Structure formats: structure tokens, C-alpha cells
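# One predicted model, sequence on top.
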Amino acid sequence: MRKRLYNLIRSVPYSLSMVVLIVVSIIPLAFHEDLEAFRIIDACTTSAFIFDYAARWLTADFEYSGKRMPFIRYPLLPLADRKSVV
């Protein structure tokens, strides 16, 4: 199951959907109004980003197979060292 999750998060459609979510998450920042729709966008995109981070953390041993302790190292890596699309 973790291998399937790893294959999913490394796919092009998943990466493109994350890029779209990044763009959508910027929309509420462009307005100075506090609308309910913006709160929903914030909650949904934040949840998706948390899922993405957790999925990448759970599959870190596939991404960094030659490294020691990938589950401990992954959260400590600088963003430039992570092999994600975004």
C-alpha cells in the first residue's frame, strides 16, 4: 500500500494537482475580505498540503532508499533537497 501511495505522489497528475492547489490557495490572499468561501478554500488546501506532507513522509524510505534513517531525515531536509515538483 505504501508503494502505491509513493507511485501516486510521484505521478504527473498528482504533481499538477498540487500546483493547482497552490495557485488556488493564493486566491484568498489576493482579497482583503473575510468571506466564508475563502475560509473553505483555506481549510481544503491546508488539509491537502498536510496530506501531501504526511504521504511524502510515510514514503520517505522509497525516495531516499540509500540513506540512513529516512523517516527522521526527511522533515529535517531543506526544501531544495527534497525531490518534489513544487
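Ah, there it is.
# Can you get me the start-to-end distance on stretch 21-41?
One end of stretch 21-41 to the other measures 9 Å (C-alpha to C-alpha, to the nearest Å).
# Rounded mean pLDDT for it, please.
Predicted confidence along stretch 21-41 averages 92 (mean pLDDT).
# Start the count at 719 instead of 1 going forward.
Sounds good: first residue 719 from here, last item stretch 739-759.
# quick one: buried residues of that stretch?
Neighbour counts using 16 or more other C-beta atoms under 10 Å place 739, 743, 746, 759 of stretch 739-759 among the buried residues. C-beta: built from backbone N, CA, C; applies to glycine.
# For the last one, list the residues it contacts.
Yep, that's residue 759 we're talking about. Applying C-beta atoms under 8 Å, 6 or more residues apart in numbering, one finds that residue 759 lies in contact with 742-743, 745-746.
# what's the answer for the first one, then?
Going by C-beta under 8 Å, 6+ apart, residue 739 touches 763, 766-767.
# Would you mind measuring from it to residue 764?
10 Å (C-beta to C-beta, to the nearest Å).
# what do you get for the second one?
Taking C-beta to C-beta as the measure, residue 743 falls 8 Å from residue 764.
# buried sites along the longest helix along the chain?
Criterion DSSP state H: the longest helix present in the chain is helix 754-776. By 16+ other C-beta under 10 Å, the buried positions in helix 754-776 come out as 759, 763, 766, 770, 773-774, 776.
# Where does pLDDT dip in the protein?
782-804 (pLDDT under 70).
# No further questions, thank you.
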